[in-house]
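Student: what's the 3D shape of this:
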Amino acid sequence: MQSLIISVIAIVHVLTFLEPVGGYTTNTGCSFPKYSDSAKDYPKLKPFIGKSYTVPDPSGKYVYTVAICGAVNGIDNVGAIQVDTKDSKKPPVILGYYNNADIISGTDWLYLEYLGGHTYNRHCGGEGRRAVIMFTCDESISDLHAQMIILEENNNKSADCYYLFELSHQDICPTKPSSNLSLGSIFIIVFFSLIAVYLFFGFLYQRFVLGAKGMEQIPNYSFWVDFGNLQADGCNFVCRSGENRGPRTYKGVGDDQLDDVEERDDHLLPM
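Tutor: Presented below is the predicted three-dimensional model:
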């Protein structure tokens, strides 16, 4: 990762020798004098704008404060400072101004540089300090766990010295394409896919294993033939209530009853 950061810094240092093509100031305060890029060209920067980070030096001698496109401790245009913890009377050293910034964006990284800080006394040919903030991708780090660190102060050369900070965050990672399918669409696709698999392998089994011919090659053919009747029986069972009654029959006068009447009326006949 450090080799990537150093390579990017080298590219940016080459670009600094190009002539400015106009300036652009974002609504957040950052100005990029060398380029005419707009804020929309750097969507990875937006989640960090206005945030400030306190960065302790590993040696314990200094503490750094870095703000993203905002003022540090209310100091106008100052994006990064260095405070000497051993000497509280010593004024903060300004490492760079956010209204004199440089920026480059990659697929999974973002390079932000503040220029024009306090000049060196004995190093780097007396040039102005610069603070480089390298944003790198780490999907496991969110806002709650994001922490900026300082990797090095590179001042052992005659020019192009810098303070290098790193901030890893999941918002720097490439955006994964999201599916536009709803749950209902996914269910329908899966359902019909299963039906296709069922018909295909069922057909092969019926034809080549069981030796079926014609319509009998359809898997579970007898079940599908009776499917409509099964639905009707199920509806009848669920939707209808009450006991089944047998057909109502008409009880007429039987021959046995007629015989009894004739026997009872015999005395009425004339002799």
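Student: Give me the most central residue, this structure.
Tutor: Lys176 (6.2 Å; CA atoms, centre = their mean).
Student: What separation is there between that one and Ile141?
Tutor: Distance, Lys176 to Ile141, using CB to CB, to the nearest Å: 16 Å. Where C-beta positions appear, they are placed from N, C-alpha and C, glycine not excepted.
Student: Low-confidence stretches in the stretch 1-150 of the chain?
Tutor: By pLDDT under 70, the low-scoring segments of the stretch 1-150 of the chain are 1-28, 36-41.
Student: now the strands for it?
Tutor: 52-56, 62-67, 78-84, 93-105, 109-116, 131-137, 149-154 (DSSP state E, counting those that start in this stretch).
Student: closest one to Leu199 among those strands?
Tutor: Leu199 lies closest, by CB to CB, to one member of the strands of the stretch 1-150 of the chain: strand 131-137, at 45.9 Å.
Student: The closest one: partners in the sheet, and parallel or antiparallel?
Tutor: Sheet pairing of strand 131-137 (DSSP bridges) gives strand 109-116 (antiparallel), strand 162-169 (parallel).
Student: wait, Tyr97 sits on Gly128?
Tutor: No. Between Tyr97 and Gly128 there is no contact, the gap being 9.5 Å when judged by CB atoms under 8 Å.
Student: still on that earlier bit, can you redo the strands paired with strand 131-137 as JSON lines with distance to Pro58 and mean neighbour count?
Tutor: Putting the strands paired with strand 131-137 into JSON lines (distance: least, CB to CB, whole Å; neighbours: other CB atoms under 10 Å) gives the following:
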{"stretch": "strand 109-116", "distance to Pro58": "21", "mean neighbour count": "23"}
{"stretch": "strand 162-169", "distance to Pro58": "13", "mean neighbour count": "22"}
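Student: Put together a markdown table for those, with distance to Gln217 on each row.
Tutor: A markdown table is the format used below for these (distance: least, CB to CB, whole Å):
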| stretch | distance to Gln217 |
| --- | --- |
| strand 109-116 | 60 |
| strand 162-169 | 59 |
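Student: Phe223 looks like it's in a helix, true?
Tutor: Yes. Phe223 sits within a helix when classified using DSSP: H, G, I helix; E, B strand; the rest coil.
Student: Near it, how many other residues are there?
Tutor: Phe223 has 10 neighbours, counted by other CB atoms under 10 Å.
Student: same check, this time on Phe208
Tutor: Other residues close to Phe208 by other CB under 10 Å number 10.
Student: before we move on, what SS does it have?
Tutor: State at Phe208, reduced to three classes by three-state DSSP: helix.
Student: now it: how far from Ser222?
Tutor: Plainly put, Phe208 is 19 Å away from Ser222 if you go by CB to CB.
Student: May I have the phi/psi pair for the residue nearest to the centre of the chain?
Tutor: In terms of degrees, to the nearest 10, the main-chain angles of Lys176 are phi -80, psi 140.
Student: longest helix in the chain, by residue count?
Tutor: helix 183-204 (DSSP state H).
Student: May I have the residues that are in contact with Thr166?
Tutor: I think there's a mix-up here, since residue 166 is Glu and not Thr. Ile5, Ile133, Met134, Phe135, Thr136, Met148, Ile149, Ile150, Leu151 (CB atoms under 8 Å, 6 or more residues apart in numbering).
Student: Spatially nearest residue to Leu115 (excluding sequence neighbours)?
Tutor: In space, and not counting its chain neighbours, Leu115 is closest to Asn100: 4.7 Å by CB to CB, 6 or more residues apart in numbering.
Student: What is the neighbour count of Val209?
Tutor: 8.
Student: Can you tell me which of the contacts of Glu166 are buried?
Tutor: Burial by neighbour count, 16 or more other CB atoms under 10 Å: within these this picks out Ile5, Ile133, Met134, Phe135, Thr136, Met148, Ile150, Leu151.
Student: sorry, back to before: tell me which of Tyr97 and Gly128 has more neighbours.
Tutor: Taking other CB under 10 Å, Tyr97 and Gly128 do not tie; Tyr97 has more neighbours (23 against 17).
Student: For the more buried one, give the beta-bridge partners.
Tutor: Val78, Leu115.
Student: how about it, what does it touch?
Tutor: Asn77, Val78, Gly79, Tyr114, Leu115, Gly116, Gly117.
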